[in-house]
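Novice: Structure here, sequence nowhere to be found:
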(Lines give C-alpha, C1' and ligand atoms only; values in the text may rest on other atoms or scores of the structure.)
Protein backbone atom coordinates (compact mmCIF):
# COMPACT_ATOMS: atom_id res chain seq x y z
CA UNK A 1 0.00 0.00 0.00
CA UNK A 2 1.27 3.44 -0.94
CA UNK A 3 0.66 6.05 1.76
CA UNK A 4 1.08 9.77 1.17
CA UNK A 5 0.70 12.62 3.66
CA UNK A 6 -0.17 16.13 2.49
CA UNK A 7 0.08 19.19 4.72
CA UNK A 8 -1.36 22.58 3.84
CA UNK A 9 -0.93 25.46 6.27
CA UNK A 10 -2.77 28.72 5.77
CA UNK A 11 -3.39 31.86 7.80
CA UNK A 12 -6.68 30.67 9.24
CA UNK A 13 -6.29 26.89 9.36
CA UNK A 14 -3.98 23.92 8.80
CA UNK A 15 -5.03 20.79 6.89
CA UNK A 16 -3.44 17.34 6.97
CA UNK A 17 -4.59 14.61 4.60
CA UNK A 18 -3.59 10.94 4.40
CA UNK A 19 -3.98 9.29 1.01
CA UNK A 20 -3.81 5.51 0.63
CA UNK A 21 -3.31 4.16 -2.91
CA UNK A 22 -4.66 7.39 -4.36
CA UNK A 23 -7.77 7.44 -2.13
CA UNK A 24 -8.30 9.95 0.67
CA UNK A 25 -8.31 7.97 3.92
CA UNK A 26 -8.26 10.67 6.61
CA UNK A 27 -8.22 14.45 6.89
CA UNK A 28 -7.70 16.79 9.84
CA UNK A 29 -8.43 20.50 9.97
CA UNK A 30 -7.05 22.59 12.81
CA UNK A 31 -7.85 26.24 13.39
CA UNK A 32 -5.94 28.60 15.73
CA UNK A 33 -8.92 29.09 18.00
CA UNK A 34 -9.14 25.34 18.56
CA UNK A 35 -5.54 24.96 19.70
CA UNK A 36 -5.10 23.53 23.16
CA UNK A 37 -4.00 26.10 25.71
CA UNK A 38 -3.83 24.03 28.89
CA UNK A 39 -0.32 24.35 30.29
CA UNK A 40 0.41 27.63 28.50
CA UNK A 41 2.01 30.29 30.72
CA UNK A 42 1.17 33.99 30.61
CA UNK A 43 2.18 37.16 32.37
CA UNK A 44 -1.24 38.48 33.34
CA UNK A 45 -2.59 41.60 34.99
CA UNK A 46 -5.22 41.56 37.71
CA UNK A 47 -8.38 43.06 36.24
CA UNK A 48 -10.66 42.69 39.26
CA UNK A 49 -10.41 41.13 42.71
CA UNK A 50 -13.70 39.78 44.10
CA UNK A 51 -13.57 39.07 47.86
CA UNK A 52 -17.16 37.76 47.81
CA UNK A 53 -16.11 34.96 45.44
CA UNK A 54 -12.56 34.65 46.75
CA UNK A 55 -11.47 34.89 43.13
CA UNK A 56 -10.01 37.32 40.64
CA UNK A 57 -10.27 38.05 36.93
CA UNK A 58 -6.92 38.28 35.17
CA UNK A 59 -6.22 39.79 31.75
CA UNK A 60 -3.85 37.42 29.93
CA UNK A 61 -4.36 38.89 26.47
CA UNK A 62 -7.18 36.60 25.34
CA UNK A 63 -10.67 37.61 24.28
CA UNK A 64 -12.05 36.98 27.78
CA UNK A 65 -10.39 37.53 31.13
CA UNK A 66 -9.19 34.41 32.93
CA UNK A 67 -10.57 33.21 36.26
CA UNK A 68 -8.29 32.68 39.25
CA UNK A 69 -9.55 31.21 42.52
CA UNK A 70 -7.75 31.65 45.82
CA UNK A 71 -7.17 27.90 46.12
CA UNK A 72 -5.21 28.07 42.86
CA UNK A 73 -2.84 30.65 44.36
CA UNK A 74 -1.83 28.74 47.46
CA UNK A 75 1.01 26.24 47.39
CA UNK A 76 -0.16 22.83 46.23
CA UNK A 77 0.69 19.64 48.07
CA UNK A 78 1.21 16.16 46.73
CA UNK A 79 -2.24 14.74 47.40
CA UNK A 80 -2.69 14.15 43.68
CA UNK A 81 0.67 12.54 43.32
CA UNK A 82 0.70 9.11 44.83
CA UNK A 83 -0.73 6.72 47.33
CA UNK A 84 2.36 5.49 49.14
CA UNK A 85 4.61 8.09 50.65
CA UNK A 86 2.25 10.92 49.78
CA UNK A 87 1.25 13.43 52.36
CA UNK A 88 -2.28 12.17 52.81
CA UNK A 89 -2.96 15.47 54.50
CA UNK A 90 -6.62 15.60 53.52
CA UNK A 91 -7.68 12.31 55.10
CA UNK A 92 -9.60 12.86 58.32
CA UNK A 93 -8.95 16.60 58.32
CA UNK A 94 -11.14 19.60 57.91
CA UNK A 95 -11.22 21.42 54.55
CA UNK A 96 -8.15 23.52 53.96
CA UNK A 97 -8.35 27.15 55.00
CA UNK A 98 -7.05 29.78 52.57
CA UNK A 99 -5.96 33.36 53.19
CA UNK A 100 -8.27 36.08 51.81
CA UNK A 101 -7.55 36.63 48.13
CA UNK A 102 -7.44 40.41 48.69
CA UNK A 103 -4.35 39.80 50.84
CA UNK A 104 -2.64 37.94 48.00
CA UNK A 105 -3.28 40.13 44.95
CA UNK A 106 -4.35 43.67 44.13
CA UNK A 107 -6.05 45.15 41.09
CA UNK A 108 -3.49 46.09 38.46
CA UNK A 109 -0.86 43.70 39.82
CA UNK A 110 1.08 41.60 37.32
CA UNK A 111 1.14 37.87 37.95
CA UNK A 112 2.61 34.82 36.22
CA UNK A 113 -0.15 32.26 35.60
CA UNK A 114 -0.73 28.96 33.82
CA UNK A 115 -3.92 27.79 32.11
CA UNK A 116 -5.52 24.73 33.74
CA UNK A 117 -8.84 24.75 31.86
CA UNK A 118 -9.51 26.20 28.44
CA UNK A 119 -12.15 28.89 27.83
CA UNK A 120 -15.56 27.60 26.81
CA UNK A 121 -18.65 29.43 25.59
CA UNK A 122 -18.78 32.75 27.49
CA UNK A 123 -16.37 31.67 30.22
CA UNK A 124 -12.72 32.62 30.24
CA UNK A 125 -9.86 30.25 30.93
CA UNK A 126 -9.27 28.83 34.39
CA UNK A 127 -5.76 29.61 35.64
CA UNK A 128 -3.37 28.99 38.50
CA UNK A 129 -0.39 30.90 39.82
CA UNK A 130 1.19 27.60 40.89
CA UNK A 131 3.31 27.02 37.80
CA UNK A 132 4.10 23.41 36.88
CA UNK A 133 6.78 22.83 34.25
CA UNK A 134 6.59 19.43 32.56
CA UNK A 135 9.75 17.78 31.31
CA UNK A 136 10.28 14.36 29.80
CA UNK A 137 10.65 12.54 33.12
CA UNK A 138 9.50 14.99 35.79
CA UNK A 139 7.17 17.88 36.52
CA UNK A 140 8.87 20.70 38.42
CA UNK A 141 7.01 23.20 40.61
CA UNK A 142 8.93 26.21 41.96
CA UNK A 143 7.18 26.00 45.36
CA UNK A 144 7.00 23.50 48.20
CA UNK A 145 9.50 20.90 49.30
CA UNK A 146 8.14 17.48 48.39
CA UNK A 147 8.79 14.77 45.80
CA UNK A 148 6.15 12.42 44.44
CA UNK A 149 5.82 9.62 41.92
CA UNK A 150 3.17 8.91 39.29
CA UNK A 151 0.50 6.48 40.44
CA UNK A 152 1.03 4.52 37.22
CA UNK A 153 4.35 3.30 38.58
CA UNK A 154 3.10 0.51 40.82
CA UNK A 155 6.28 -1.13 42.11
CA UNK A 156 6.91 -0.01 45.69
CA UNK A 157 10.68 -0.54 45.35
CA UNK A 158 10.82 1.47 42.13
CA UNK A 159 8.75 4.27 43.63
CA UNK A 160 11.08 4.47 46.61
CA UNK A 161 14.16 4.43 44.36
CA UNK A 162 12.79 7.18 42.14
CA UNK A 163 11.83 9.33 45.09
CA UNK A 164 15.28 8.99 46.63
CA UNK A 165 17.05 9.79 43.35
CA UNK A 166 14.93 12.82 42.48
CA UNK A 167 14.80 14.22 46.02
CA UNK A 168 18.55 14.84 46.09
CA UNK A 169 18.39 16.54 42.67
CA UNK A 170 15.38 18.78 43.34
CA UNK A 171 16.38 22.39 44.17
CA UNK A 172 15.53 23.71 47.61
CA UNK A 173 12.12 25.36 47.71
CA UNK A 174 10.86 23.29 44.77
CA UNK A 175 8.61 20.26 44.44
CA UNK A 176 8.81 17.53 41.86
CA UNK A 177 6.69 14.67 40.52
CA UNK A 178 8.25 11.78 38.62
CA UNK A 179 6.23 11.08 35.49
CA UNK A 180 5.41 7.59 34.24
CA UNK A 181 8.16 7.97 31.62
CA UNK A 182 10.64 8.22 34.50
CA UNK A 183 10.27 4.54 35.33
CA UNK A 184 13.69 2.78 35.30
CA UNK A 185 15.50 6.03 34.51
CA UNK A 186 18.90 6.72 36.01
CA UNK A 187 20.11 9.81 37.85
CA UNK A 188 21.74 11.27 34.73
CA UNK A 189 18.42 11.51 32.87
CA UNK A 190 16.68 13.21 35.77
CA UNK A 191 19.55 15.66 36.29
CA UNK A 192 19.43 16.74 32.63
CA UNK A 193 15.64 17.11 32.72
CA UNK A 194 15.67 19.17 35.90
CA UNK A 195 18.43 21.48 34.67
CA UNK A 196 16.44 22.26 31.55
CA UNK A 197 13.29 22.95 33.57
CA UNK A 198 15.21 25.22 35.94
CA UNK A 199 16.53 27.22 32.97
CA UNK A 200 12.98 27.56 31.67
CA UNK A 201 11.77 28.79 35.04
CA UNK A 202 14.56 31.36 35.27
CA UNK A 203 13.63 32.73 31.84
CA UNK A 204 9.98 32.98 32.87
CA UNK A 205 10.89 34.70 36.13
CA UNK A 206 12.96 37.32 34.30
CA UNK A 207 10.02 38.13 32.03
CA UNK A 208 7.76 38.49 35.04
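Specialist: Nice, thanks for sending it over. Keep in mind the model is a prediction, meaning the values are calculated, not measured.

Novice: Distance across stretch 98-107, terminal residue to terminal residue?
Specialist: End-to-end distance of stretch 98-107 (C-alpha to C-alpha, to the nearest Å): 19 Å.

Novice: Now do the buried residues in that stretch.
Specialist: 101, 104-105 (16 or more other C-beta atoms under 10 Å). Bear in mind the C-beta positions are built from the backbone N, C-alpha and C, glycine included.

Novice: domain assignment for the protein?
Specialist: Listed by automatic domain parsing, the domain ranges of the chain are 3-34, 36-130, 131-208.

Novice: now the ones you listed as CSV including mean pLDDT?
Specialist: Shown next, in CSV, are the domains of the chain (pLDDT from 0 to 100):
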stretch, mean pLDDT
domain 3-34, 72
domain 36-130, 80
domain 131-208, 92
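
Novice: Can you mark which positions in the biggest helix by length in the chain are buried?
Specialist: Taking DSSP state H as the criterion, the chain has its longest helix at helix 187-207. Within helix 187-207, the residues scored as buried using 16+ other C-beta under 10 Å are 189-190, 193-194, 197-198, 201, 204.

Novice: With secondary structure as extra columns, can I get the buried residues of stretch 98-107 in JSON lines?
Specialist: Formatted as JSON lines, the buried residues of stretch 98-107 follow (DSSP: H, G, I helix; E, B strand; the rest coil):
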{"residue": "101", "secondary structure": "helix"}
{"residue": "104", "secondary structure": "coil"}
{"residue": "105", "secondary structure": "coil"}
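
Novice: Kindly check the end-to-end length of stretch 145-154 for me.
Specialist: 23 Å.

Novice: just how off-centre is that stretch within its chain?
Specialist: On the basis of C-alpha atoms, centre = their mean, to the nearest Å, stretch 145-154 sits 16 Å off its chain's mean C-alpha point.

Novice: For it, list every residue counted as buried.
Specialist: In stretch 145-154, counting by 16+ other C-beta under 10 Å, buried: 146-150, 153.

Novice: Next step: these restricted to strands.
Specialist: Counting by DSSP state E, the part of the buried residues of stretch 145-154 found in strands is 147-149.

Novice: tell me which of these is nearest to residue 128?
Specialist: residue 148 (17.4 Å; C-beta to C-beta).

Novice: who does that closest one bridge with?
Specialist: Listed by DSSP bridges, the beta-bridge partners for residue 148 are residue 177.

Novice: Residue 19 now?
Specialist: residue 4, residue 24.

Novice: How many neighbouring residues does it have?
Specialist: By the criterion of other C-beta atoms under 10 Å, residue 19 has 15 neighbours.

Novice: Ok, residue 1 next?
Specialist: Residue 1: 5 surrounding residues under other C-beta under 10 Å.

Novice: related to what we said a few turns ago, can I get the buried residues of stretch 145-154 in CSV including distance to residue 109?
Specialist: CSV is the format used below for these (distance: C-beta to C-beta, whole Å):
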residue, distance to residue 109
146, 28
147, 31
148, 31
149, 35
150, 35
153, 39
